[in-house]
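**Q** based on what follows, work out the 3D shape:
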Amino acid sequence: MKELDKVEQSVLRDAIRDLNNSGLIDKPIKMVGVKKEVLIKNFTDAVENVPDEKSTKIPNSAVNLYNDLFEDEAEDAPKEDEVPEDKIPEDEAPEDEIPEDEAPEDEPKDEKEKQEESPVKRKRGRPASKEPKEKKEKPPKDPNAPKRKPPERKGPKGPFGSFLDGQAGKIEVALAEGGTIEDIMEAAGASRARIASHIRYLKEKKNIEVVKGEDGIYKVV
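**A** Numbers count the residues shown, from 1 in each chain. From the prediction side, this is the model:
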């Protein structure tokens, strides 16, 4: 890694600020009251923890600083295809002497290799991801299972079959006794619309007729 005294404080802070504002890291990197070496470690860890599929969205300032920090390592590291001459077995034929009929065909590139290469040249291993917890599946419901019946309602009923502990039963009692709409509203604690709705219900469902006399009194006929 690059020597700490060669890393400019302003460049480091700009890169961290841009990375914090990118929305790519779960927790912003704290910069106030933190030593330079700790800042750099937190910065490199955060860059390396960005998922590969989102690495192309890392701000340029963060990409440039990260690659600059590890530039020496990239130059000194041996290439994957490079093998020292003294390590080549004597019985292994040079590449240019392999017969054409024995030369392997070019293998098709994997789909992942065709995707856009990440701008970040990662130097260190990524932390192992935690295995997702297995979700316990609920047993399927039996369609043939008996359905629960609602509890049977009990209690005294009004003259036309509605329970007296509800507005419908109270409206029926008031209608049976007869009275103005205001009398029924007060006795049943119901609105005009609720009373009119129940009068319509009695006529359509119970075949009970309620009429309003000239004196404004509602009666059951």
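**Q** so for the one helix or strand Ile16 maps to, what gets flagged as buried?
**A** Under the criterion of DSSP states H and E, Ile16 resides in helix 9-21. Across helix 9-21, burial judged by 16 or more other Cβ atoms under 10 Å covers 12, 15-20. Placement of C-beta: from N, CA and C, glycine included.
**Q** take these and lay them out in TSV including pLDDT and distance to Gly158.
**A** Shown next, in TSV, are the buried residues of helix 9-21 (pLDDT from 0 to 100; distance: Cβ to Cβ, whole Å):
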residue	pLDDT	distance to Gly158
Leu12	88	83
Ala15	90	80
Ile16	91	76
Arg17	92	75
Asp18	92	75
Leu19	89	74
Asn20	90	70
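**Q** closest to Lys54 out of those?
**A** Lys54 lies nearest to Leu19 out of those, by Cβ to Cβ, at 12.0 Å.
**Q** do I have it right that that closest one meets Asp45?
**A** No: taking contacts as Cβ atoms under 8 Å, Leu19 lies outside contact range of Asp45: 11.2 Å.
**Q** C-terminal to the one helix or strand in the chain whose mean pLDDT sits lowest, what's the next element?
**A** One helix or strand of the chain scores below all others by mean pLDDT, DSSP states H and E: helix 111-114, with a mean of 49. Later in the chain than helix 111-114, the nearest helix or strand by DSSP H and E is helix 167-177.
**Q** need phi/psi at Pro59.
**A** Reported as degrees, to the nearest 10, the phi and psi values for Pro59 are phi -60, psi 150.
**Q** excluding its backbone neighbours, what's nearest it?
**A** Distances taken as Cβ to Cβ, 6 or more residues apart in numbering put Asp18 closest to Pro59, at 3.8 Å, once the chain neighbours are dropped.
**Q** ok, Gly216 next?
**A** Thr180 (4.9 Å).
**Q** report pLDDT for Asp215.
**A** With respect to pLDDT, Asp215 has a value of 90.
**Q** quick one: it is in a helix?
**A** No: using DSSP: H, G, I helix; E, B strand; the rest coil, the assignment for Asp215 is coil, not a helix.
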